[in-house]
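Pasting the sequence and the predicted model now:
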Protein chains: 2
Amino acid sequence: MRIEILTIGDELLLGFTIDTNGAHLARELASVGIEIVRRSSVGDGAEDIAAAVREALDRTGAVITTGGLGPTADDLTKPSIAALFGRAMVMDAEHLAWLEERWRTRFGGELPHSNRQQALMPEGARKLVNRHGSAPGVWLEDERGRWVAMLPGVPREMRGMLADELGPILRERAAREQAARGATGEPTVVRSRTLRTTAIAESAIADRLGDLARGMDGLSLAYLPGHEGVDLRLTARDRTAADADAALARGIDALRAHVAQWAYGEDATDMAQVILERCRADGLTLAVAESCTGGLLGARLTSVPGSSDVFLGGVISYANAVKVDALGVPAEMLREHGAVSEPVAARMARGARERLGARIGVAITGVAGPGGGTEEKPVGTVWTAVDVDGEVRTHRSVFIGDRAEIRFRASQFALELVRRTLARPAAD
Amino acid sequence: MRIEILTIGDELLLGFTIDTNGAHLARELASVGIEIVRRSSVGDGAEDIAAAVREALDRTGAVITTGGLGPTADDLTKPSIAALFGRAMVMDAEHLAWLEERWRTRFGGELPHSNRQQALMPEGARKLVNRHGSAPGVWLEDERGRWVAMLPGVPREMRGMLADELGPILRERAAREQAARGATGEPTVVRSRTLRTTAIAESAIADRLGDLARGMDGLSLAYLPGHEGVDLRLTARDRTAADADAALARGIDALRAHVAQWAYGEDATDMAQVILERCRADGLTLAVAESCTGGLLGARLTSVPGSSDVFLGGVISYANAVKVDALGVPAEMLREHGAVSEPVAARMARGARERLGARIGVAITGVAGPGGGTEEKPVGTVWTAVDVDGEVRTHRSVFIGDRAEIRFRASQFALELVRRTLARPAAD
């Protein structure tokens, strides 16, 4: 099945919003073998929406839109596409009643007039239930079987509706189309697996991979460098699901053999999750002491549900007085070495471990910029320390990037230092 | 000038790459008055590229592409578009010599055959110099004045080439087109200003705005709901810069008059920055105590450069023992009311203020989910407290969304509570 995606909203054309909906839809649909042949974005104008949908229907007969289903005057997706299909807009009494009831119970008042239009549906359309917000989606199909599915623009609502409602419709339809074509074998899919590495450069990986660097066994290999490290993505196309999975498993093993030391996980695995699982398995608890990252490391660890059995908490010691009072860093150490130094990082890690009663203390102190750099300690200089039961390991990095990148890279490296420490005790 | 943007690459259709090039181009071009009427993405296939460019030229006569200029077999942008224009591909001897020299000096070897194609250019094309990589860009124009500008897909190279090469060409062309139309005055621009609101629903804003909700004074109004709140963006089109600025200033004032209570800033202003500036102006210092947000509030405050004169630090009290030991929350209070409760939030705020020696303490304790909810305290329940010199204000919210959204909304609301407290002292 070949389809097109159309994301709607002036903000996409003005560049104020990065289009993450299109990418999410593409990923989810590709994984069930539905091929996206084009993605487009147009503004909120009714004519622009209708023209883009008409052209896409002419090419593929199958379009998913996101956006423009809200309660305000610039939400024109439903009426524009209804007009294109020659359908009138009719009030969905059931949805209107639901909206009125919801408004009464949640906000204690009458439904604002502007919200009533969310209950208007093109005649003959199928409603896609929205369990995550107030705007229903729409499935509209003509007598020739050409269809448009309209989803909301709010990412959480769009994702929920894709999973709950549209996904099952598309899978059923793809199976029916395949049967109609008389295809006997299993359907083919596009599948990917990603090996995540950190603290190694893209070119160093390519050198280590040698001949594998161009892909293997019919799989394509992409290098995706980011703040977390370099991801290596293998993609299998035009194979059955079983063939694709087997080839990807062999491919990931082959990659892993060359970069094992830097590979911390697969696919969307976050390093914080890897560390929490490792600590949980070893019965270890963790506390943090953060200076230049200001809470980012704690925020990453607690973004993982269920982190509370490992992560106890920490101290954000942004001011030097807090390093002294709350972590026990001696004032003379700060005077002598400065806040961004090896002994201060080590003492912060110990302070976090001791004061919070954890087995592991992790500390970060650095110059995140843009100001504050010196010749000796340029912007990007970060000292990281990990203290496990009193055994301390420290590391000095100089990260490149802007303030946000330096802070994120520092949090990633602090987690990597925990990983290395637990994999290979400091005493080795 | 109306143009379209086409980003090229299989990875965009598979959803593995978020298209930031399109957004960057849109922002930069809109700011000089060039209107983007559509953005599209197609895969690396020659026919798909040619079809998308042909259709876009039929609509606007002006297209910028990114991607597909590299040295590998899937880089087909130049030959596909050259064929569409009926041009042969010819070797650019100067660029080939540069490539060969670069390869010799940097890698100490001969230029690989596959890299030679980077020096092939469509006949009659203008080369756009790439100071940031090895693939030159291309400007191709037909006898009717219809044009395609091809830029590389690597964001850093694309941005550099836009600034160095394509930007000046487009500005000169926009001025010429305007002169040809007989327009005598200044060039027209597309400009936007955004008013940021928080803690008020999109539909409630629309109701308050009344007639203004559909825009005003020829300005279009867009509602952009997100985790931080609802942004109201006004856009002026087809006016001179001075006219646009004056209309936008009037428009923002009109909006502000209706939603003043919820308006915390403009454009990309982060709430953390607003709070820091407010505290700085009043000579106040700030400390945080975070439970369910785990450091996120501190991370947001310290993401602003120069925050250290206001923000002292905080305690991440994820475990209850840390709330007791590091913040002075009585153990019996935790037993009696639970960690997610008004008295605990208030005591955490006081503990942060007192222990860190700050004037203001801000505390967050809640149920971020997905587990841990009860009938009395469902997932999303968050108590926030602000203690200014011992005067405490608390608030209970029930945020919707997943774990990440609930945590972010909690951090945003905690900042909003500081803003309200400083705007209108608790004693009032």
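Perfect, I can see it now.

which stretches of the stretch 1-150 of chain A form strands?
Secondary structure of the stretch 1-150 of chain A, counting by DSSP state E, counting those that start in this stretch: strands at A:2-8, A:35-42, A:62-66, A:89-91, A:120-122, A:126-128, A:137-141, A:147-151.

what number of residues lie near A:A249?
Using other C-beta atoms under 10 Å in any protein chain shown, A:A249 has 12 other residues around it. Placement of C-beta: from N, CA and C, glycine included.

Distance-wise, check the residue lying closest to it once chain neighbours are set aside relative to A:V304.
Take A:A249 and drop its neighbours on the chain: the residue closest to it by C-beta to C-beta, 6 or more residues apart in numbering or on different chains is A:R193, 7.9 Å away. Taking C-beta to C-beta, to the nearest Å as the measure, A:R193 falls 21 Å from A:V304.

My understanding was that A:G45 contacts A:T77; is that so?
No. Checked against C-beta atoms under 8 Å, the pair A:G45 and A:T77 is beyond contact range at 11.1 Å.

Which element, helix or strand, includes A:S220?
Per DSSP states H and E: A:S220 is located in strand A:220-226.

Tell me which of the strands of the stretch 1-150 of chain A is the most buried.
strand A:62-66 (a mean of 27; mean count of other C-beta atoms under 10 Å in any protein chain shown).

what about the stretch 51-200 of chain A, any weak spots by pLDDT?
Across the stretch 51-200 of chain A, the ranges flagged by pLDDT under 70 are A:182-185.

if we can go back for a sec, redo the strands of the stretch 1-150 of chain A as TSV? Include distance to chain B.
Formatted as TSV, the strands of the stretch 1-150 of chain A follow (distance: least, C-beta to the nearest C-beta, whole Å):
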stretch	distance to chain B
strand A:2-8	9
strand A:35-42	4
strand A:62-66	13
strand A:89-91	18
strand A:120-122	15
strand A:126-128	19
strand A:137-141	17
strand A:147-151	15
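
how does chain A divide into domains?
Listed by automatic domain parsing, the domain ranges of chain A are A:2-180, A:188-266, A:271-423.

Excluding chain neighbours, what is closest to A:R144?
A:R144 sits nearest to A:G61 (C-beta to C-beta, 6+ apart), 7.5 Å away.

what does A:T365 give?
A:S291 (4.1 Å).

returning to that earlier point: would you say the residue nearest to A:A249 is within a helix?
No. The assignment for A:R193 (DSSP: H, G, I helix; E, B strand; the rest coil) gives strand, which keeps it out of a helix.

picking that back up, next helix or strand past the strand holding A:S220?
strand A:229-240.

Name the residues of that following strand that come out as buried.
Within strand A:229-240, the residues that count as buried by 16 or more other C-beta atoms under 10 Å in any protein chain shown are A:229-237, A:239.

Please list which of those also come close to chain B.
Near chain B, judged by C-beta under 8 Å from any C-beta of the partner chain, the entries from the buried residues of strand A:229-240 are A:233, A:235.

that older thread, what's the closest of the strands of the stretch 1-150 of chain A to B:I8?
strand A:35-42 (11.0 Å; C-beta to C-beta).

Counting neighbours, what do you get for the nearest residue to A:R159 once chain neighbours are set aside?
Counting by C-beta to C-beta, 6+ apart, the nearest residue to A:R159 once its immediate chain neighbours are dropped is A:H24, at 6.2 Å. By the measure other C-beta under 10 Å, the count of residues near A:H24 is 17.

Check the gap between A:H24 and B:G351 for me.
41 Å.

coming back round to it: what bridges to the residue nearest to A:A249?
Residues in a beta bridge with A:R193, per DSSP bridges, are A:L234.

doesn't A:L234 make contact with it?
Yes. A:R193 is in contact with A:L234 according to C-beta under 8 Å; the separation is 5.5 Å.

Overlap of the contact sets of these two?
A:248, A:251-252 (C-beta atoms under 8 Å, 6 or more residues apart in numbering or on different chains).

State the helix or strand in which A:A249 lies.
helix A:241-259.

remind me which residues of the stretch 301-428 of chain A are low pLDDT?
In the stretch 301-428 of chain A, residues with pLDDT under 70: A:424-428.

what's around the closest residue to chain B within it, how many residues?
Closest contact between the stretch 301-428 of chain A and chain B, by C-beta to the nearest C-beta, is at A:T302 (2.7 Å). The number of residues packed near A:T302 is 28, by other C-beta under 10 Å.

Now do the same contact list for the residue nearest to A:L162 when sequence neighbours are not counted.
Spatially, and ignoring its direct neighbours in sequence, A:L162 is nearest to A:E28 (6.1 Å; C-beta to C-beta, 6+ apart). Counting by C-beta under 8 Å, 6+ apart, A:E28 touches A:162, A:167, B:15.

Which among these count as buried?
A:162, B:15.

nearest to B:K377, of the contacts of A:E28?
Comparing those against B:K377 with C-beta to C-beta places A:L162 closest, at 30.2 Å.

my read is the closest one is in a strand, agree?
No. Per three-state DSSP, A:L162 lies outside any strand segment and is helix.

Please name the residues that touch it.
Counting by C-beta under 8 Å, 6+ apart, A:L162 has contacts A:24-25, A:28, A:151.

Alright, calling it a day.
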